[in-house]
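A.B. asks: Below are the sequence and a predicted model for it; my questions follow.
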Protein chains: 2
Amino acid sequence: MSDPRPRRIAALVDGLTAAHIDGLLLTGLPNIRYLTGFSGSSALLVISQRDVVLITDFRYQTQVAEEVGDIARIVIEPSSLWTGLWQQLAQMSGLQVLGFETAHILHRDFQRLNEVGSRWQWRPTADLVETLRERKDDTEIALIARAADMATTALSRTLPQVSAGMTELAVAGILERELRNAGSEGFAFPSIVASGPRSALPHAHSSARELASGDFLLMDFGAVVDGYCSDITRTVVVGTASTEHRGVYDIVRVANERGAAGVRAGMSGRDADALARDYIERAGFGPLFGHSLGHGIGLEVHEAPRLARTSEGVLAEGAVVTIEPGVYRPGWGGVRIEDDVVLGADGPRLLTNLNCPNLFPLIP
Amino acid sequence: MSDPRPRRIAALVDGLTAAHIDGLLLTGLPNIRYLTGFSGSSALLVISQRDVVLITDFRYQTQVAEEVGDIARIVIEPSSLWTGLWQQLAQMSGLQVLGFETAHILHRDFQRLNEVGSRWQWRPTADLVETLRERKDDTEIALIARAADMATTALSRTLPQVSAGMTELAVAGILERELRNAGSEGFAFPSIVASGPRSALPHAHSSARELASGDFLLMDFGAVVDGYCSDITRTVVVGTASTEHRGVYDIVRVANERGAAGVRAGMSGRDADALARDYIERAGFGPLFGHSLGHGIGLEVHEAPRLARTSEGVLAEGAVVTIEPGVYRPGWGGVRIEDDVVLGADGPRLLTNLNCPNLFPLIP
């Protein structure tokens, strides 16, 4: 597979020309990683027609050379990255109007542009790189698919180890170790393991609560491969499922299947959201599904596009999105079932394949 | 222990008066958590002489009521938090000049203040809450001490399970599971497990590299208790340590001990840094210790104060700081030894107590 970075940088430079700016200062780390391969936590990147300059600090001296190679000119700045920026910009020719990333720069740093950087004209830009990132190439899809495989492998190895009386934290420990054993380089986000009434909190932390028979147990987590994330949720029942458990679960399961089977490139985010939401609303649970259906995943676990009632944007071919309907009954419990789907030319393809996706899952 | 939040909010309101602003818009989540107890990932907070208003979204409806109680008026906003903000501000009296957090607001959101929020005057503020957070109270110190105990417990349970041939990822999996079993609600930051030449990368990711005899094995990780972080690093040798291993290790060990024993409230961050740096420089390894000696820990794993050559600020009594000298030889390996220390009135107190801190550690 050829190196995708020159192609990405060229596409961005085309975007600069269209936006009538001579160069772009990038401060968003996932955008910097996408363009250069650098995975460190401290960097500034300048891209123009002539130059690609990456500024980082001592801690990354060895790493940046390995990751970036000759894609960018690398500057190791001993004091502040911003000091290095002004020195580099002063040496670059043909720069008058520079863009910056309005969604990835703090006001504190924006002030520097107006003060120390006042010899250049600064223009806010939005989504120049994010738009490129939305449409994944085959290499990226393969990485997300590996991250999805790690997540399903970890879950299938975790469930047989779980039993009533364990704490949510202990379950998280088993799950995270299985993610590591499956090869995950990290966690896409803090794992959510929420049981009983806590499963009704859509963004619960894992807690010291002990699993009891009759609890829902909701697990929402993801693996990471070369920076690319997966994001999966499964909800099971500890002990014997009641009719009420099964009823709520089946509504969410069918909503998930409708979303995952029906979502298409070219559809609006709102229409995608409706695939699952309409079903939940007809079942009378609409008010208990208070979040949106899904979001893009990639170098970030939340990125473009959004699958939401308020999202008019059209889903790009090659986007990878989550489908995660849920029904949450405060004080009782909640069910969420989340899969990752790539929007191919021929339709959606499920990346989070569990062996028995349609079996109502139980822990004995 | 009495609820510290009213005291914190009162101290902040005093700061607003001193800064000649009628109210403050808070966008920094750790600051919001410190003042209200809310631990969610989506919130805006407005504080004035008369009002404390917290705006969040549906996902946190149950959680915010439990965590915040009647410390703030809670608003659940169905669309955008910013829409909710304008509605709330319009209903509040006595507000003309409002502060915002320059270090915690993106340019994109700063633009909203100037546009939709143009009927108020907006002033950048810095460190109003961070300064309060630097000086920990007894409850906070107890939480960090528990997080430190969890980290040392996890490490002491992990080392006997590690052997040559394991991957760094597998070691991370063991360590993280032991952190969960010790009760950690999460990970203070992505765990660093770096072996052999990779231990010379101060901010390595954990990788699929297999441990070999003669490797340094560096582990840098932390536990979390009620949002409060610990941060510890230990470096061991796989197999038999050479004279060269022992030489570098002992220099870092003595530098760590000098820092941890000598650091005091009232000292500048620069002088604290020098406690360890001077020793490493005299040993001839100064150029291989390229980062600063330490940083504050609390609700964030990196917060005020900084222990660095460039830090003139004075260390506050009650601050909890890391002491983490390192020596990194590219291509060969590196050693870092990091402890957490609280700066008490009577001197420093070590929170990261391992049973045998001075024993040169080996894995058989």
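C.D. replies: Good, I have the coordinates.

A.B. asks: so where do the helices sit in the stretch 251-364 of chain A?
C.D. replies: All helices of the stretch 251-364 of chain A, identified by DSSP state H, counting those that start in this stretch, fall at A:269-282.

A.B. asks: tell me which parts of it are close to chain B?
C.D. replies: A:290, A:291, A:310, A:330 (CB under 8 Å from any CB of the partner chain). To be clear about C-beta, it is placed using only N, CA and C from the backbone, and glycine gets the same treatment.

A.B. asks: List the residues that contact the last one.
C.D. replies: Taking CB atoms under 8 Å, 6 or more residues apart in numbering or on different chains, we find residue A:330 in contact with A:197, A:200, B:61, B:62.

A.B. asks: and the closest residue to residue A:319 other than its chain neighbours, how far is that from residue B:33?
C.D. replies: Using CB to CB, 6 or more residues apart in numbering or on different chains and skipping residues adjacent in sequence, the residue nearest residue A:319 is residue A:343, 4.9 Å away. According to CB to CB, to the nearest Å, residue A:343 and residue B:33 sit 37 Å apart.

A.B. asks: Check the gap between the residue in the stretch 251-364 of chain A that chain B sits nearest to and residue A:200 for me.
C.D. replies: Chain B sits closest to residue A:290 of the stretch 251-364 of chain A, with a gap of 3.9 Å, by CB to the nearest CB. Residue A:290 is 11 Å from residue A:200, where distance means CB to CB.

A.B. asks: Identify the contacts common to those two.
C.D. replies: What both residue A:290 and residue A:200 touch, as defined by CB under 8 Å, 6+ apart, is the set residue A:328.

A.B. asks: more neighbours, those two?
C.D. replies: residue A:200 (23 against 16; other CB atoms under 10 Å in any protein chain shown).

A.B. asks: from what I can see that one touches residue A:333, true?
C.D. replies: Yes - the pair residue A:200 and residue A:333 qualifies as a contact (CB atoms under 8 Å) at a distance of 5.4 Å.

A.B. asks: got a pLDDT number for the closest residue to residue A:77 other than its chain neighbours?
C.D. replies: Closest residue to residue A:77 apart from its sequence neighbours, by CB to CB, 6+ apart: residue A:84 at 3.3 Å. Note on residue A:84: pLDDT of 97.

A.B. asks: can you count the residues close to residue A:84?
C.D. replies: Residue A:84 has 19 neighbours, counted by other CB under 10 Å.

A.B. asks: That one and residue A:111: what is the separation?
C.D. replies: According to CB to CB, residue A:84 stands 18 Å off from residue A:111.

A.B. asks: Give the bridge partners for residue A:218, please.
C.D. replies: In this entry, residue A:218 is beta-bridged to residue A:194, residue A:235, by DSSP bridges.

A.B. asks: what's the distance between it and residue A:168?
C.D. replies: For residue A:218 relative to residue A:168 (CB to CB), the value is 10 Å.

A.B. asks: Report the set of residues contacting both of the two.
C.D. replies: Residues touching both residue A:218 and residue A:168 by CB under 8 Å, 6+ apart: A:193, A:194, A:195.

A.B. asks: one step back: helix, strand, or coil at the residue nearest to residue A:77?
C.D. replies: When classified by DSSP: H, G, I helix; E, B strand; the rest coil, residue A:84 comes out as helix.

A.B. asks: which residues touch it?
C.D. replies: With contacts defined as CB under 8 Å, 6+ apart, residue A:84 is in contact with A:44, A:55, A:75, A:77.

A.B. asks: how far away is it from residue A:297?
C.D. replies: For residue A:84, the distance to residue A:297 equals 33 Å [CB to CB].

A.B. asks: out of the shared contacts of residue A:218 and residue A:168, which is most surrounded?
C.D. replies: Greatest neighbour count in these, by other CB under 10 Å, goes to residue A:193: 31 neighbours.

A.B. asks: Pretty sure residue A:162 sits against residue A:178.
C.D. replies: No - Residue A:162 lies out of contact with residue A:178 (CB under 8 Å); the separation is 11.2 Å.

A.B. asks: which one of those two has more residues nearby?
C.D. replies: Comparing residue A:162 with residue A:178 by other CB under 10 Å, the one with more neighbours is residue A:178, at 23 against 19.

A.B. asks: Run through the stretch 1-150 of chain A and note the low-pLDDT ranges.
C.D. replies: Within the stretch 1-150 of chain A, the segments meeting pLDDT under 70 span A:1.

A.B. asks: Show me what from the stretch 101-250 of chain A comes close to chain B.
C.D. replies: A:102-108, A:110-111, A:124, A:126, A:169-170, A:172-174, A:176-181, A:183-187, A:190, A:200-208.
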